[in-house]
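**Q** coordinates for the following, if possible.
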Amino acid sequence: MTQTKQWNAELYDDKMNFVSHYGRGLIDWLQPVSTERILDLGCGTGDLTASLAESGATVMGVDFSADMINSARQKYPHLPFQIADAHTFRTSDSYDAIFSNAALHWMKRPEEVIESVWLALAPKGRFVAEFGGKGNCELVINALRTTLAQKGISADERMPWYFPSIAEYAALLERQGFRVVLASHYDRPTVMPDGDRGLRHWLDSFCSPFFADLSASDIDDVCLQVTELLRPALFQDGKWIVDYKRIRVIANKSSE
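**A** Numbering: from 1, shown residues only. Purely as a prediction, here's the structure:
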């Protein structure tokens, strides 16, 4: 997923399993069939890779995180998984479809990722993806900016995410040669598990790049301040609801 984020696969599966839950809807956009070869790009701990395999398709899961891949291999030993950086991924195999859920926003050089996808797809192959779009988690990011600035830290300099608009991302796909056939940028308010602890689970799971070089007590202090800044807007009926905004896209590779 990203070179700057160290993933805790156990925490991810335990507290952030909504990622795979929402991603199952993206499989409906993909419509996999049994004769296809499918690459799951940024597969995490493999839950959606396994769902894709249920169609009878031949699937491969890749992720930059060794911890995620090790977990995927333990959970689904019958499926192939590989540690790979999507920016530089190359394969001698040719895939009918490439699927990616909640991963592309961790990849900050999108042109390189799109080239990797193009080269791995067979002629007439399709790329189906969902990831954070423009404005994703904006309230949380603003709270991090405010709180970290008090410690002399620029949140923007540590920003681990790429959240484009549809126009920005479609232009990159088209420049590579893809035909964008469907795209949606939509609000998806997302409930965190564990009541009042939910936002802290989210910060622990996804925000470590912001906390580089901070002590454990400083991280606790930042998370507490961020929590209180966000409570009036994002804590509702005993639950944290994070302000997700997502892009879904289908892009086809031309025949060659």
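**Q** pLDDT on the lengthiest strand in the chain, on average?
**A** Criterion DSSP state E: the longest strand present in the chain is strand 121-132. Across strand 121-132, the average pLDDT comes to 97.
**Q** tell me the buried residues in that strand?
**A** Buried positions in strand 121-132, judged by neighbour count with 16 or more other C-beta atoms under 10 Å: 121-122, 125-132. Heads up, the C-betas are built off the backbone N, CA and C, glycines and all.
**Q** can the residues you listed go into a markdown table with extra columns for distance to Gly46?
**A** As requested, the buried residues of strand 121-132 are exported to a markdown table (distance: C-beta to C-beta, whole Å):
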| residue | distance to Gly46 |
| --- | --- |
| Leu121 | 21 |
| Ala122 | 23 |
| Gly125 | 22 |
| Arg126 | 21 |
| Phe127 | 20 |
| Val128 | 18 |
| Ala129 | 17 |
| Glu130 | 17 |
| Phe131 | 18 |
| Gly132 | 21 |
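**Q** pull the most distant pair out of the residues you listed.
**A** Ala122 and Gly132 (27.9 Å; C-beta to C-beta).
**Q** re earlier: in its sheet, what does the longest strand of the chain sit against?
**A** strand 95-101 (parallel), strand 245-252 (antiparallel) (DSSP bridges).
**Q** find the nearest non-adjacent residue to Gly125, please.
**A** Counting by C-beta to C-beta, 6 or more residues apart in numbering, Lys253 is the residue found nearest to Gly125 once chain neighbours are left out, at 4.7 Å.
**Q** what's the burial count for the closest residue to Thr45 other than its chain neighbours?
**A** Distances taken as C-beta to C-beta, 6+ apart place Ser71 nearest to Thr45, at 4.4 Å, with adjacent residues excluded. By other C-beta atoms under 10 Å, 22 other residues sit near Ser71.
**Q** from what I can see Ser71 touches Gly46, true?
**A** Yes - when contacts are counted by C-beta atoms under 8 Å, Ser71 is listed as touching Gly46 (7.3 Å).
**Q** so what's Arg73 up against?
**A** Arg73 is in contact with 46, 81, counting by C-beta atoms under 8 Å, 6 or more residues apart in numbering.
**Q** what about it, distance to Phe211?
**A** To Phe211, Arg73 is 29 Å away according to C-beta to C-beta, to the nearest Å.
**Q** same question for Ile98.
**A** Using C-beta to C-beta, Ile98 is found at 32 Å from Phe211.
**Q** tell me which of those two has more neighbours.
**A** More crowded of Ile98 and Phe211, by other C-beta under 10 Å: Ile98, with 26 against 19.
**Q** residues of stretch 163-174 that come out buried?
**A** For stretch 163-174, a neighbour-count test (16+ other C-beta under 10 Å) marks 163-164, 166, 169-170, 172-173 as buried.
**Q** show the average pLDDT along that stretch.
**A** The model assigns stretch 163-174 a mean pLDDT of 98.
**Q** show me the contact partners of it.
**A** Counting by C-beta under 8 Å, 6+ apart, residues outside stretch 163-174 touching it are 105, 110-111, 114, 127, 132-136, 180, 183-185, 245, 247, 249, 251.
**Q** got it, and stretch 108-122?
**A** 2, 37, 39, 41, 86-91, 93-98, 104, 107, 127, 160-162, 164, 169, 172-173, 175-178, 253.
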